[in-house]
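Asker: Got a predicted model here, sequence first, then my questions.
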Amino acid sequence: MTISIWRYSHLALAVSSFVFIVLASVTGIILAFQPISEQLEPYNVANLDNITLAETVTVFQDNYPEIIDIKVDANDFVIATVFTEDGNNLSGYFNPQTAEYLGEELKPSPFFQWVTNFHRSLFLKSVGRFFVGLCSFLLFLIAVTGTILIIKRQHGFKRFFSKIINEDFNQYWHVVLGRLSLLPIIIITITGVYLSLEKFDALPKTKTTHQVDFDTLIESPKQNASNFSVFTNTSLSEVKHVEFPFSSDVEDYFTVKLHDKDLLINQFTGAILSEVNTPKVEVFSALSLNLHTGKGSILWSIILAVATANILFFVYSGFAMTLKRRKSRLKNKVKAEDADIIILVGSENGSSIHYANMFFKQLIKQNQNAFIAEMNAYQQYPNAKHLVVMTATYGQGDAPTNANQFLQKLKEITNTKDLKFSVVGFGSLAYPDFCQFAYDVDQALQQVYKPVLPIFTINDKSVDAFSQWVSDWSEVSGISVTIPQKHLTIQPKQLKKLKVISKTKTNVDNTFLITLKPKKHHQFTSGDLLAVYPKNDYRERLYSIGKVAGNIQLSVKLHENGLGSGFLHSAADGDKIKVRLVKNSAFHCPKKAKQILMIANGTGVAPFLGMLQQNKKVESHLYLGLRTEESYQIYQEQIKQFLFDGKLTKHHLALSRVGDKHYVQDLLKRDAKAVAKLLYNNCVIMICGSLAMHKSVMSVLEEITVTYNNKPLSYYQNKQQIKSDCY
Ligand SMILES: Cc1cc2nc3c(=O)[nH]c(=O)nc-3n(C[C@H](O)[C@H](O)[C@H](O)COP(=O)(O)O)c2cc1C
């Protein structure tokens, strides 16, 4: 079954019951404080495990001429009703060891009683009780479907508690707290359902009856209660209730209710006249009540309160996630089957979706029968005349995630050969495979449909270029579309101004280090990204951050006509530049790892310089690939200091233009055994730099793990032991 079916069930259950869940949770949190407040009362004076029933009965008999009964409640408080020498009735808490009267029995506070009634039935009597029971059952199903979703997300039951990457606040805490409160919530819901069934008499009926043969009752050999073996062998913690004989007739006896059985005891001889086991239903009822209410345990009451507060957070975060997902969904008024114009989008970070949506909305405004979807949703379009594909390119000329099945689907699903298509590629000339995926898509479409325009590529989300394509398409299709430029521009929001505090000269590889001073409240760490906006518009360039002495240090290679690198290179000390700090949790230095192996080439070393500077005790190895010794000079001083301070354990430099010409992957091959051992010992490998280096390193690592550890590299990837940030 797909994840979306479980997600849909999880959501549908939550939507159908959330009002009840919220009311039950809020009142449940309040009620968790009732047992806590009771437990804090000073009536729990002795450990009932260490006191026998014989001791208590005897001490009561020594002190009071008449005893009606003795009870032990869920808080282990001993409650009794007695008559004193003066003939006064005394009822309340007693010390079970001395029979000293401690105080009157606590009356439930009117507030807690009011909340309890609301929690049980919402003041709607039986109807309310029914809905509360049903809601408890639905909450149980929500917990079950949530568990299945976590198992699916974590790729298996065994990895249920494995680390989760914090990409989104609501999603992260929904899962983390969901895992932690799963068991208490399951217990709360099952016991809630059980208690409701009990109230509706839906549980099997069991009645215990004692059979006593009164003709055989005898008064000898007479013994004191202190010597009754049944009393001496029973600790007070096992007792719920003892009723004393009403008179001194042999037909009157002690009635003793323990947690698991009821006994009738001859008041003269101590013989057991009748013994009946407590029905299972009754045992479960008592257990359910205590587990559901937290009665008798401060710790369990606190766990219940926290788990119930988490339920409120799940309601909030669950709906927040759903709204976010819905917002980014592509919305249509017509079905794909009925549409004349089909727009398919491939996007990783949403900017191509923004352009495609603007185009789509203009078509709708012109009363065109248009339909928009992600590329992976490609299907048959029986009425379509135009197909427009807009796609970004990622990786090494690869498809964005929501378009990675498109080429395969195109082979399997055919539409009319007369379908006219146009491909718009979004990409960046900063990458070697400019718009490669769009080219692949265009090639594949040419085999099956008719192009109305040659492929149109757009560098850096250029608004002008996109407007140009819109106008070209309008002309060839005969459908007039114009999109005001202001609708297309995506302005970066919440930029921060940071001061440049130092910049090195460019070295032989045209690389330089630049350091910016953050404000105190700016939160970032090594491995996060810094986005700069060279033209103060939508064009964004990202750099890996190294947090060095609290500042932001970047390693930048100056490219000819490079927008971002040129901009940073022209910044002088003291200049303030507008930036955005982008959290990149997937590439943070792992907090728990005992050994880290860092692999970088070129400017990819930047985050590692920060991580090493912050390193206190972790064994760390750095494999760095550069061209020549001069390339190394700008990093040399920092790396030597790390070695000197013990922050870096071992450093391996691969120079690709000197002597035997080595790359980092060659050095890893050379140290294969040591690398395999590190991985075996749970070392985390972090890779930063070019995608080409990443590819070679990954294939060498695969070779190493298969040869020496008998495991594919994916085994370590699944254990989150490989982290990459390559470009
Ligand atoms: C990690 C990464 C890899 C990229 N790889 C390429 C690439 O190989 N070729 C290319 O032309 N553009 C590449 N780009 C640029 C994106 O395709 C471009 O910014 C596009 O407008 C993003 O569209 P989106 O926001 O819809 O995902 C890459 C961008 C990133 C962040």
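Answerer: All right, it came through fine.
Asker: got the residues of the stretch 601-727 of the chain near the ligand?
Answerer: residue 727 (C-beta under 6 Å from any ligand atom). (C-beta placed from N, C-alpha, C; glycine too.)
Asker: Mind doing that once more with 8 Å?
Answerer: 691, 726, 727 (C-beta under 8 Å from any ligand atom).
Asker: what residues does the chain put near the ligand?
Answerer: Residues of the chain lying near the ligand (C-beta under 8 Å from any ligand atom): 345-354, 392-398, 400, 425-437, 457-461, 542, 691, 726-727.
Asker: at 6 Å what do you get?
Answerer: So the chain meets the ligand at 347-352, 392-394, 396-397, 400, 426-428, 431, 433-436, 461, 727 (C-beta under 6 Å from any ligand atom).
Asker: from those residues, which ones fall inside strands?
Answerer: Judged by DSSP state E, strands contain the following of the residues of the chain next to the ligand: 392, 426, 427.
Asker: between those residues, which is closest to the ligand?
Answerer: residue 427 (2.3 Å; C-beta to the nearest ligand atom).
Asker: ok now do the closest one, which residues does it touch?
Answerer: Residue 427 makes contacts with 392, 393, 434, 435, 436, 438, 457, 458, 459, as judged by C-beta atoms under 8 Å, 6 or more residues apart in numbering.
Asker: how near is residue 527 to residue 431?
Answerer: Distance from residue 527 to residue 431, counting by C-beta to C-beta, to the nearest Å: 21 Å.
Asker: Kindly report the same for residue 701.
Answerer: 24 Å.
Asker: Please spell out the segments of the stretch 501-650 of the chain that come in under the pLDDT threshold.
Answerer: 538 (pLDDT under 70).
Asker: got the residue ranges for the helices in it?
Answerer: Ranges of helices within the stretch 501-650 of the chain are 563-570, 606-614, 629-645, based on DSSP state H, counting those that start in this stretch.
Asker: try the stretch 101-250 of the chain
Answerer: Assigned by DSSP H, counting those that start in this stretch, the stretch 101-250 of the chain shows helices spanning 110-121, 125-153, 169-199, 229-232.
Asker: Identify each buried residue in the longest one, please.
Answerer: Of the residues in helix 169-199, those scored as buried under the neighbour-count criterion (16 or more other C-beta atoms under 10 Å) are 170-171, 173-175, 177-179, 181-182, 184-199.
Asker: Also compute the angle for it relative to helix 125-153, please.
Answerer: When axes from the mean of the first three to the mean of the last three C-alpha atoms, to 10 degrees is applied, the directions of helix 169-199 and helix 125-153 differ by 140 degrees.
Asker: what mean pLDDT does helix 169-199 have?
Answerer: For helix 169-199, mean pLDDT is 91.
Asker: So which other helices or strands are in contact with it?
Answerer: helix 125-153, helix 280-293, helix 298-327 (3 or more C-beta pairs under 8 Å, 6 or more residues apart in numbering; DSSP states H and E).
Asker: do the same with the first one
Answerer: Based on contacts counted as 3+ C-beta pairs under 8 Å, 6+ apart, the elements that helix 110-121 packs against are helix 3-39, helix 125-153.
Asker: the inter-axis angle of that helix versus helix 3-39?
Answerer: Using the same axes, to 10 degrees: helix 110-121 against helix 3-39 is 150 degrees.
Asker: how about the contacts of residue 427 in JSON lines, adding pLDDT and distance to residue 67?
Answerer: Below are the contacts of residue 427 laid out as JSON lines (pLDDT from 0 to 100; distance: C-beta to C-beta, whole Å):
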{"residue": "392", "pLDDT": "94", "distance to residue 67": "84"}
{"residue": "393", "pLDDT": "91", "distance to residue 67": "88"}
{"residue": "434", "pLDDT": "87", "distance to residue 67": "94"}
{"residue": "435", "pLDDT": "94", "distance to residue 67": "92"}
{"residue": "436", "pLDDT": "95", "distance to residue 67": "91"}
{"residue": "438", "pLDDT": "97", "distance to residue 67": "91"}
{"residue": "457", "pLDDT": "94", "distance to residue 67": "95"}
{"residue": "458", "pLDDT": "92", "distance to residue 67": "92"}
{"residue": "459", "pLDDT": "82", "distance to residue 67": "94"}
